[in-house]
Each structure stands twice: as structure tokens, then as C-alpha cells.
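Asker: Predicted model and sequence below, questions to follow.
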Amino acid sequence: MPKNRQRDVRQRDAMTSPRFAQIATFARLPYERDLSDIDVAFVGVPFDDGTTFRSGARMGPSAVREHSRLLRPYNPFMNVGPFDSLNVVDWGDVDIVPGFILETFEKVQHDIMFLMEHRTAPLVCGGDHSITLPVLRELAKQHGPVNLIHFDSHLDFWDEYWDGQKYTHGTWLRRVVEEGLTGVVVQAGIRGSQYGASDMDFAHDHNIDITFIDDFHRHGIELTMKRIVDRFPADQPLYISWDIDVVDPAFAGATGTPEVGGLTSWQAIQAIRALAGWRVVGMDVVEVSPPYDAPGGQTSLLAANLFYEMLSVMARNTEEGLAIFPG
Ligand code: MN
Ligand code: MN
């Protein structure tokens, strides 16, 4: 059982109940709205009206749950059982408002605020990338401005789309910076064509650090991730926003705006493991669009594993005294 906890939450035992049986929840954890003694909650946000190209990310949470059935209780590569030191549940989905982005943001904030009141860290499953903005609003209220690693092939800090629309999956990061929700911001995996040479000016003007995909391929994951994490003090709150399109479409083609030349699945997993020792207070994986997936659901499968690796990081940190919510 996790330290100082009355409850001991576990996955459904696959030796008693086969993995393909029962209703799909994340990692076969309980579907639970009582967050007392719960350290981390998987939260689905099935909203994709912020997309600018292919939609379908509204189906992300249910597909990721379905493809998380194989996640087992021990991670040998990090020598940790994430559910030994953390109580983790599936919160279910935010009741978003299809077609109405600001109303949806309110719903997301309402649920994330509830998590924060219970000192429960969110693993947010999108949905398109616009939903990171309301999540960070609530995290910043709890923790103060959070440092951010934004894995993506896209910059996501354009000012507007469609003649003046400020809230889309391509503009959320500019709103986050304007609202003062973040400390140090690093973007990782950027690639692909852009609208113009001035696209990156916002990064230069606001001290946002861009790590292009070339660094990962040329220098390797280990060195590149070390250079990234060394920009943050390890005990400051760090949020990870992971757009699945940072991974190459050969491995994760089920996404709205795919870009070639990305990370492999293995590199993605390694990038998350490199965060052990840094105080991660939440994570999202967004832009999984299951209607474009291979029949076996490879993109959703990867997303499920990214969450699992992050849980392993959070569990290792907790065991080593680096609490998600200190004090
Ligand atoms: Mn993207
Ligand atoms: Mn994005």
C-alpha cells in the first residue's frame, strides 16, 4: 500500500479476470470518482473541435483505454511497480460540450480543479491539443507557474486561426504564455513545414527553447533529453504535454496533422524515462485520432504505454522522496 494511505488501489488481477474481459478502463484500474487517497487519475477529454485538419481525437480516450489492457503491474526497465507506491484510478471522461470550445474549457477546469482539491495529479488523455490550456490554468492555481516540456512536431503558438479564432489546437501555447501559466518552456521534436520564416519569432521573444527533431536523431535520446531536463531545477513542478504527432507516422499515424521524420516508439518511451528525478506534476497525451489508426490500434497502444512510463517515473520519484504534492 502507498505510504500514509488508507486505500490500496490495484489493477484488476489478470490471473483471475482475463485481460480481454470486463469494461475497458485505463490499465484495468477502477473507474472511480472518490479521490480521497488517490495520487493520480487518468482523465479523458474526448473533444476535437479545436483541430485544424483531420478530426477524430474525440475517440482518443476510449481507444487508449481499450489498448491499455496489456499494461502489467511491474516495469522492469525502471525497477518499479507504479501501483505499489501510487494509488491510481480512471476518473472517466470530462463531460465536454461538442462544438463549443470555451464551454468545454470550463468543464475541463471544473474537473481538474476537483483533482487539485484532492491533491490528485492528472494524466490527461485527449482530445486535441487545445485542452492543455484549461488543464494548465488549474495546475498553475495549485502549483504556481509550471515548467513545461512540450513534445510536438508543431509549434502550437500561432496567434489565431480562421480570421481571428484564438482558441484552437494550434494556438493554445500562446494563450498559456500570455496567461502566465508557465515558467521555463521547452519544445521538443519540432519539424515539418511552416507558414513563414517569422513563425518562430514568438519563441525567441518569449524565451521558449526549441529542440528540433534533428537533435534527437543526431545526438540520441539520452544526451538530448539531458540537455532539456538540465534547464529545470528538479524540484520545481514540471508538466509534460505530449502531442502524439511528435512520434513518426510510421509508428503513430493515427493523428490529425502527421509529420514525417519523427521519434520511434522506443525513443518516445526513453524520452519519458529520462524524466525520472524531475518533479512531474501532470501529463497529457493528445491528438490520438483512432479513426486513422491501423487495425491493431498501434497509435492508441503507444499512447497507453506513454502514460504507463510516466506513472513509473512518478512512482520512482515518490519512492525516492520527490513528492508530486510536497508538504
Ligand atoms: Mn502537433
Ligand atoms: Mn500539438
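Answerer: Nice, thanks for sending it over. Ligands and ions are numbered 1, 2, ... in the order given.

Asker: and the gap between the residue nearest to Val229 when sequence neighbours are not counted and Leu173?
Answerer: On the basis of CB to CB, 6 or more residues apart in numbering, the spatially nearest residue to Val229 that is not a chain neighbour turns out to be Trp278, at 5.5 Å. Glycine gets a C-beta too; all of them are placed from N, C-alpha and C. Shown here: Trp278 relative to Leu173, a distance of 20 Å by CB to CB, to the nearest Å.

Asker: Kindly report the same for Asn147.
Answerer: As for Asn147, its distance to Leu173 is 14 Å (criterion: CB to CB).

Asker: where do the contact lists of the two overlap?
Answerer: Any residue near both Asn147 and Leu173 by CB atoms under 8 Å, 6 or more residues apart in numbering counts here, and that gives Val185.

Asker: Neighbour count for these two, which is higher?
Answerer: Leu173 (29 against 23; other CB atoms under 10 Å).

Asker: Quick check: mean pLDDT of the helix or strand hosting the more buried one?
Answerer: The secondary structure element spanning Leu173 is helix 172-178 (assigned by DSSP states H and E). Per-residue pLDDT over helix 172-178 has a mean of 98.

Asker: Strand partners (parallel or antiparallel) of the helix or strand just after it?
Answerer: Once the chain leaves helix 172-178, the next helix or strand it forms, by DSSP H and E, is strand 182-190. In its sheet, strand 182-190 lies beside strand 146-151 (parallel), strand 209-212 (parallel), with partners assigned from DSSP bridges.

Asker: deepest of these, which one?
Answerer: By mean neighbour count, with neighbours taken as mean count of other CB atoms under 10 Å, strand 146-151 ranks first of the strands paired with strand 182-190 at a mean of 26.

Asker: does that one come close to ligand 2?
Answerer: No. Judged by CB under 5 Å from the ion, strand 146-151 makes no contact with ligand 2; its nearest approach is 7.7 Å.

Asker: Could you export the longest helix seen in the chain as CSV, CA atoms only?
Answerer: When the chain is scanned for its longest helix (criterion: DSSP state H), the result is helix 298-319. C-alpha atoms of helix 298-319 as CSV (Å, rounded to 0.1, in the frame of the first residue of the first chain):
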residue,chain,number,x,y,z
GLN,A,298,-0.8,0.9,-32.7
THR,A,299,-1.1,4.6,-32.0
SER,A,300,-3.5,4.1,-29.1
LEU,A,301,-1.3,1.3,-27.8
LEU,A,302,1.7,3.7,-27.8
ALA,A,303,-0.3,6.4,-26.0
ALA,A,304,-1.3,3.9,-23.3
ASN,A,305,2.3,2.9,-22.8
LEU,A,306,3.5,6.6,-22.6
PHE,A,307,1.1,7.1,-19.7
TYR,A,308,2.4,3.9,-18.1
GLU,A,309,6.0,5.0,-18.4
MET,A,310,5.1,8.4,-16.9
LEU,A,311,3.3,6.6,-14.0
SER,A,312,6.6,4.7,-13.5
VAL,A,313,8.5,8.0,-13.4
MET,A,314,6.1,9.4,-10.8
ALA,A,315,6.2,6.3,-8.7
ARG,A,316,10.0,6.2,-8.7
ASN,A,317,10.1,9.9,-7.8
THR,A,318,7.7,9.2,-4.9
GLU,A,319,9.7,6.3,-3.6
